[in-house]
Each structure stands twice: as structure tokens, then as C-alpha cells.
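Novice: What follows is a predicted structure for the sequence shown.
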Amino acid sequence: MLFDHRIYNFAPGPATLPEEVLQRASKDILNWQELGTGVMEVSHRGKPFMACYQEAITDLRELMQIPENYEILFLQGGGIGENAAIPMNLMGLAKKGPQADFVVTGTWSQKSIAEAAKYGNARLAASSKEQQFNTIPENANWDISSDSAYLHICDNETVGGLEYGYVPNTNGIPLVADISSNILSKVIDVSKYGVLFGGIQKNIGPAGMTIVIVRKDLIGHAMSITPTVWDWKIQAANDSMINTPPTFAIYLAGQVFKWLKQQGGVAAIEAVNRKKAELLYSILDQSSLYDARVDVTYRSKMNVTFYLKDESLMDKFLKGAEDQGMIGLKGHKSVGGIRASIYNAMPLAGVEKLANYLLEFERKA
């Protein structure tokens, strides 16, 4: 580790970032490119920042192999904002009035369908609520309407620790996926989606920016009530800069893209992510103390969730982890338990330390 005092942060977002990137940013905050001023202080219209912006777009397109018929937007408002922007931009494509389908598999897809219902008919195509959101409904059983403008999923449910691991069949309507918590963690065939979106505060950078990757033929259908700031056509025509963009978030995202390329790209980091997740799940599966409830087929490789069978040990578990330099392990307040978020920037050494702690804690429990 570059800094001896750095701890292992397993928080779900804002989350840990690559130390090399933070070290570089700490210098650029004061003096970027020898301009005598910080990266957060330069004009977003100036040549230095516009070059930074274009490099970030180019690197992301390369990393994700994004086809040229897709637009990349750097927006604000988070995933919550896009939960409104998406129906306002796409529901107008529906054949018989504004309508879209949703598969609800946890907290974030629940929020998505609730928000979309403000702008049209938000149909429930499938849900795993009766299974406590510990699995994903069988794709063949989804009730998909041909009259819907699109079908929305959350590819990785951060709260529950649930991940698809495959591209669903949508019966021909565009697929929209929230990839806030697993963007750049695995190879994704962008061409199979109409829209991919997500906040960057988990796997890419600081809170404050949302990436939207949208097929160009889906742009230009916004409802008249759509705020200008969330109209994809207007934003695409203005390099996502109809107002002052989140410049520092764009800069830092660009630095993370370069870091990821140095690691070997998305396929290489996916192999590391699999190794990290498998290490933790192998311990949980052999344990008599820990209870991993998510269907094995759909376990997230980004957010490993589990429970203590003796819940009275929770405070002791969290305190012991903190004493050993591991924070952010408390599960979401809505579901409880323990959650280890092991995004791209979490080194294998951090996961190995957590694995050893899990074994040690169970021996002493």
C-alpha cells in the first residue's frame, strides 16, 4: 500500500478508489498540468479540460467496447435522477401511450418502477419479492408487453447482493440496465442493451456524476415535460455541458479509466474480481456461523452479503473488523446483516485480510 495509514474500506459507495489515482489527484488539485492552478479550478470550456473530457470518453469507449452508434453522456443526478430521466426520454416510444416493463429484484429496481410510474404505466413484468429478493425470476416466465417502450432491470442490486450474470431476453423491446455497482467490473456486450446507466461513486470515482450509454436511435423522443438538464438529445448535442458539468468527477473518472487500462482492461479486472468473490463465498459456504442467503446462481461479485446466525455477535464482529483496519461492513439498514463491497479498487490483499478475519472470528465465536 502506498500509505501505511490507509485502511480497507468495504463501503458500498462512495467507495474505495485506487491509491495511485488518489496520489495523482492530490497533486493535480493544487497544480494541474503545470498550469499553476488546480484541476477543480479550470474552465470546463478551456482547452485543457476539454481534452481531459475527450480522453475520458475515448478511454471509456475503448474499455467497454462501446459501438459508435451509442452516445456516452456524463450527467448529474445519480441513478435516482436517471430513474426519472429514462421514462421521460423513452416512454414516448411506446405504441399505445407511455409504458415500460420492470423486473423488480431488490431495493433499486423497486425505486426505479416507483419513479417511472409518475410518467406512465410502469408494468411489473416479474418480481422476486416473495423470495425476499434472494433470487432472480426465471426469464422465460417474465410477463413482457410488446406495447412497452423498454424493459428495465438493475443488473446488480447493491443492497441485496444480487447480480444477473446474463443478458435477459426482452422479446424485442430495448433493454435498460442500471449498472451503477458493477460497471467496468466485467465484460458487457453493450450492443445487447438500449441503455446502460449508473452513478460512478462505486467503481469509478467520487459521487456527483452519472454515466449514461444510450443507443442513438433512442435519443430524441423526450416528453415535453422533460427538464432540459435530463433531455438526452440536448445533452448529446452539447457534450453533456449545457450547464457546468462535474469537472472533478470527470477528471477523476478519466484517471480511473487509465488505471484500469494499466491493469489490463476489463477482462483482466473481471478475473481478479471473480477470485476475490470466490474466496469469500467459499468461506461462507463452509461456515456454521455465517449465512449467505442469495441464490448461488445470482450472487453478486461486487457486493457480498451475508448474516450472522447468532445476531447478538454483530457489534462484536464489526468492532473487531474495524480494530483490524476494515470498515464499511455493516449491511444496508433496510436488510441488516453484513455486506462486503469489493469493487475494482479493492485489492486482493484486502479481501484476503477479510477472509482471514472471517475464519478467525468464527473460531473464537
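Specialist: Perfect, I can see it now.
Novice: For A15, give me its contacts.
Specialist: Residues near A15 by Cβ atoms under 8 Å, 6 or more residues apart in numbering: 9, 201-203, 328, 341, 343, 345. Backbone N, C-alpha and C define where each C-beta goes, glycine included.
Novice: list the buried ones in stretch 30-43?
Specialist: By 16 or more other Cβ atoms under 10 Å, the buried positions in stretch 30-43 come out as 32, 39, 42.
Novice: Only alpha carbons, please: show it as CSV.
Specialist: Presented in CSV, the C-alpha positions along stretch 30-43 are these (Å, rounded to 0.1, in the frame of the first residue of the first chain):
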residue,chain,number,x,y,z
LEU,A,30,-3.1,22.1,-6.5
ASN,A,31,-1.3,22.3,-9.8
TRP,A,32,-2.7,20.5,-12.8
GLN,A,33,-0.6,20.1,-16.0
GLU,A,34,1.8,22.8,-14.6
LEU,A,35,-1.0,25.4,-15.2
GLY,A,36,-0.4,26.9,-11.7
THR,A,37,-4.0,26.1,-10.8
GLY,A,38,-6.0,23.1,-9.7
VAL,A,39,-8.0,20.7,-11.9
MET,A,40,-11.2,21.8,-10.0
GLU,A,41,-10.5,25.4,-10.8
VAL,A,42,-10.1,25.5,-14.6
SER,A,43,-12.8,26.4,-17.0
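Novice: contacts for it?
Specialist: Residues outside stretch 30-43 that contact it (Cβ under 8 Å, 6+ apart) are 25, 28-29, 48-49, 52, 247-248, 251.
Novice: among the residues you listed, which are in strands?
Specialist: Using DSSP state E, no member of these sits in strands.
Novice: filter these to the buried ones?
Specialist: Among the contacts of stretch 30-43, those buried by neighbour count (16+ other Cβ under 10 Å) are 25, 28, 49, 52, 247-248, 251.
Novice: Kindly export the helix ranked longest in the chain (C-alpha atoms) in CSV.
Specialist: Across the chain, the longest stretch assigned as helix under DSSP state H is helix 266-285. Coordinates of each C-alpha in helix 266-285 appear next as CSV, following Å, rounded to 0.1, in the frame of the first residue of the first chain:
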residue,chain,number,x,y,z
VAL,A,266,-12.0,-5.0,-18.1
ALA,A,267,-11.4,-8.7,-18.9
ALA,A,268,-8.3,-8.7,-16.6
ILE,A,269,-10.1,-7.0,-13.7
GLU,A,270,-13.0,-9.3,-14.1
ALA,A,271,-10.7,-12.3,-13.5
VAL,A,272,-9.5,-10.6,-10.3
ASN,A,273,-13.0,-9.8,-9.2
ARG,A,274,-14.0,-13.4,-9.6
LYS,A,275,-11.1,-14.6,-7.5
LYS,A,276,-12.0,-12.1,-4.7
ALA,A,277,-15.6,-13.1,-4.7
GLU,A,278,-14.9,-16.8,-4.8
LEU,A,279,-12.6,-16.5,-1.8
LEU,A,280,-15.3,-15.0,0.4
TYR,A,281,-18.1,-17.2,-0.8
SER,A,282,-16.1,-20.4,-0.3
ILE,A,283,-15.7,-19.5,3.4
LEU,A,284,-19.3,-18.5,3.8
ASP,A,285,-20.5,-21.8,2.2
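Novice: pLDDT on it, on average?
Specialist: For helix 266-285, mean pLDDT is 98.
Novice: Can you spell out which helices and strands pack onto it?
Specialist: strand 290-291, strand 303-308, helix 348-364 (3 or more Cβ pairs under 8 Å, 6 or more residues apart in numbering; DSSP states H and E).
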